[in-house]
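Q: sequence isn't available, so here's the structure alone:
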């Protein structure tokens, strides 16, 4: 096994005290430039790699940012992590990624891990099972900057960046109405989560403002928002005595699942039933017909989160600030 090169190894090679090597590798000005250059050259030659975690323990804070998401397979989260990692790297930070698998217990355990790692800051989108954000107070008590994004707990005072889901759903329903649809169903999930609750409320308000009746049976709340959930929800809607002429769903995946079921039943889209989803992942232009969606501007979401978190990390001032981003409808062929 290849030996891990330490600061003491470099010091021994150069016959220099290890504290001088340590200072040079931390770019301390107390080490003259000639000695520092010699140390860096030897460190590179020996293949020295700094132990960032150990540095974090010595300095009480690492150069690592923790990101906690419900599901790494979801397009929004995977794209967010990719974009954020690039921004972090440019600023000299590394990213450590955790998945809660939409489980409250796992999420709680990860929060403890993040504190033990003494990360520089944390970005989080909570699990579907999380009905409280109380466990995140451990980060605040440890003076670790925290920014929530997308899914945000209601009972903790922390910075957050969110999409304006209420008006996004409101605009989506309004668009469907303008295309002549009057019996609009909504495939939802876990309305205690801000994202899905806000979309449900936006859906309801759009019906009221356009003088359409709210039909309770048109709301199908599924345990999740994957393709199988959309498929199952569409089946339930077609079993109703009054069948909808349009369906709004909380995600691309559930919309694509609904499309699959409707096509199996020879339902024409959008002539018989229009479909409109949320997110705008790559599958939207692969399915047939191409899916009309509310686009979530992930690039903007990432930049706002990065800005909020870095301000807290660099200033040492942990504060609460909320930023809201407007979504936009991308019109394709499903409505």
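A: Yes, it's here. Note that the structure is a prediction, hence the values are computed from the model and not measured.
Q: domains in the chain, as residue ranges please.
A: Partitioning the chain according to automatic domain parsing yields domains covering residues 7-50, 60-163+298-325, 165-295.
Q: for residue 334, which of the ones you listed is the nearest?
A: Of all the domains of the chain, domain 165-295 sits nearest to residue 334, with 4.4 Å by Cβ to Cβ. No exception for glycine: its C-beta is placed from N, CA and C like everyone else's.
Q: any idea of the mean pLDDT for the closest one?
A: Here domain 165-295 scores 95 as its mean pLDDT.
Q: ok, now stretch 65-82?
A: 95.
Q: with stretch 317-330 instead?
A: Stretch 317-330 comes out at a mean pLDDT of 92.
Q: shift numbering so it begins at 691
A: I'll keep to 691 as the first residue from here, and by that count the last item is stretch 1007-1020.
Q: which residues touch it?
A: Identification of contacts with stretch 1007-1020 by Cβ atoms under 8 Å, 6 or more residues apart in numbering yields 830, 833, 835-836, 847-855, 857-858, 861-862, 865, 966, 968, 970, 974, 982-987, 990-991, 994, 998, 1001-1002.
Q: which of those fall in helices?
A: Among the contacts of stretch 1007-1020, the ones falling in helices (DSSP state H) are 830, 855, 857-858, 861-862, 865, 990-991, 994, 998, 1001-1002.
Q: mind putting these in a markdown table, distance to residue 962 included?
A: Listed next are the ones in helices among the contacts of stretch 1007-1020 as a markdown table, based on distance: Cβ to Cβ, whole Å:
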| residue | distance to residue 962 |
| --- | --- |
| 830 | 52 |
| 855 | 28 |
| 857 | 28 |
| 858 | 25 |
| 861 | 23 |
| 862 | 19 |
| 865 | 18 |
| 990 | 36 |
| 991 | 35 |
| 994 | 40 |
| 998 | 45 |
| 1001 | 51 |
| 1002 | 51 |
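Q: and the furthest pair within these?
A: 830 and 865, at 40.6 Å, using Cβ to Cβ across those.
Q: more neighbours, the two?
A: residue 865 (20 against 15; other Cβ atoms under 10 Å).
Q: just the strands in this structure please.
A: 754-759, 784-789, 811-814, 836-839, 849-853, 874-879, 909-912, 936-939, 964-969, 982-985, 1012-1015, 1018-1020 (DSSP state E).
Q: list the buried ones in the third one?
A: By that I understand strand 811-814. Buried residues in strand 811-814, counting neighbours by 16 or more other Cβ atoms under 10 Å, are found at 811, 812, 813, 814.
Q: number of residues surrounding the residue nearest to the third one when sequence neighbours are not counted?
A: Counting by Cβ to Cβ, 6 or more residues apart in numbering, the nearest residue to residue 813 once its immediate chain neighbours are dropped is residue 757, at 4.8 Å. The burial count assigned to residue 757 is 25, neighbours taken as other Cβ under 10 Å.
Q: what do you get for the one 10 residues further on?
A: The number of residues packed near residue 767 is 22, by other Cβ under 10 Å.
Q: who does the nearest residue to it once chain neighbours are set aside form a beta bridge with?
A: Among residues not flanking residue 767 along the chain, residue 759 sits closest, at 4.2 Å (Cβ to Cβ, 6+ apart). Residues in a beta bridge with residue 759, per DSSP bridges, are residue 789.
Q: I'd say residue 759 and residue 769 touch.
A: No - using Cβ atoms under 8 Å, residue 759 is not in contact with residue 769, being 11.0 Å away.
Q: that's all I had, so thanks and see you.
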